[in-house]
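1. Next come a sequence and a model predicted from it.
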Amino acid sequence: MNSTNLGYIAAAIAVIALILALFALLGAQKMKKSYAVLQGSGTEVDFVTAVARQVEVVNGLRTDVTNLRKDLTVTQSELKDAIRHVAVTRYDAFGDQGGRMSFSVAFLDDVNDGIVITSINGRTEGRTYIKGIKSGESIGSELSPEESQAIGMAQKGQIA
């Protein structure tokens, strides 16, 4: 082999090495961008640190979800005692008067405890009664059919 051929071969190997180095440089830059995306910021941090940060974020989210579940349980137990079921029945208490001016309204919680308010309105006077309700039944006094209807509608979630 002569020296000219060796020069050409060396030049070809140098060009191939330069092309490979260029591809390696481009790959390294692409990898740096990928790490920056993983980190979520522009600062340069190694892969292990970036993953550790993400693990901290996920653990914080898990703690938040656990706390929210506890808060939800407390809120649900408190809502059981809240008046959430309301229904109104309007009617004519007296046959000589129209317009359904009398009414009974039931206010109940989730276990059917609460009150029923009845207002009987006539031409010259009006009367209002309040009765306690325990487990859907009146405490100490008899319910009128309209009061029973209002309680039944409240228990079923109906609104009239």
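-> That came through fine.

2. which helices and strands does the helix or strand where residue 50 lies pack with?
-> Using DSSP states H and E, residue 50 falls within helix 47-79. Helix 47-79 makes packing contacts with helix 3-39 when contacts are defined by 3 or more CB pairs under 8 Å, 6 or more residues apart in numbering; DSSP states H and E. The way it works is simple: take the backbone N, C-alpha and C, and place the C-beta from them, glycine included.

3. what angle do the helix it packs on and helix 47-79 make?
-> Per axes from the mean of the first three to the mean of the last three CA atoms, to 10 degrees, the angle that helix 3-39 makes with helix 47-79 is 20 degrees.

4. distance between stretch 73-81 and the chain's centre?
-> 15 Å (CA atoms, centre = their mean, to the nearest Å).

5. contacts for it?
-> For stretch 73-81, the surrounding residues in contact (CB atoms under 8 Å, 6 or more residues apart in numbering) are 109, 110, 111.

6. Tell me the secondary structure at the last one.
-> Applying DSSP: H, G, I helix; E, B strand; the rest coil to residue 111 yields a three-state assignment of coil.

7. What are the structural domain limits within this protein?
-> Domain ranges of the chain: 3-78, 85-156, per automatic domain parsing.

8. about what we covered before: mean confidence (pLDDT) on the helix holding residue 50, please.
-> The pLDDT scores in helix 47-79 average 90.

9. Check stretch 14-25 too.
-> Averaged over stretch 14-25, pLDDT sits at 92.

10. just to revisit the earlier point, by neighbours, which of the contacts of stretch 73-81 wins?
-> residue 109 (15 neighbours; other CB atoms under 10 Å).

11. Need the phi and psi values for residue 110.
-> When read as degrees, to the nearest 10, the backbone of residue 110 gives phi -70, psi -20.

12. Not counting sequence-adjacent ones, nearest residue to it?
-> Leaving aside its chain neighbours, residue 110 sits nearest to residue 80 (4.5 Å; criterion: CB to CB, 6 or more residues apart in numbering).

13. same deal with residue 140?
-> residue 132 (7.2 Å).

14. Shouldn't the one you found be within a strand?
-> Yes. The assignment for residue 132 is a strand, going by three-state DSSP.

15. Residue 109 and residue 116, how far apart?
-> Computed as CB to CB, to the nearest Å, the residue 109 to residue 116 distance reads 13 Å.

16. Residue 22 too?
-> Separation of residue 22 from residue 116 (CB to CB): 86 Å.

17. just residue 58 next, same as before
-> To residue 116, residue 58 is 52 Å away according to CB to CB.
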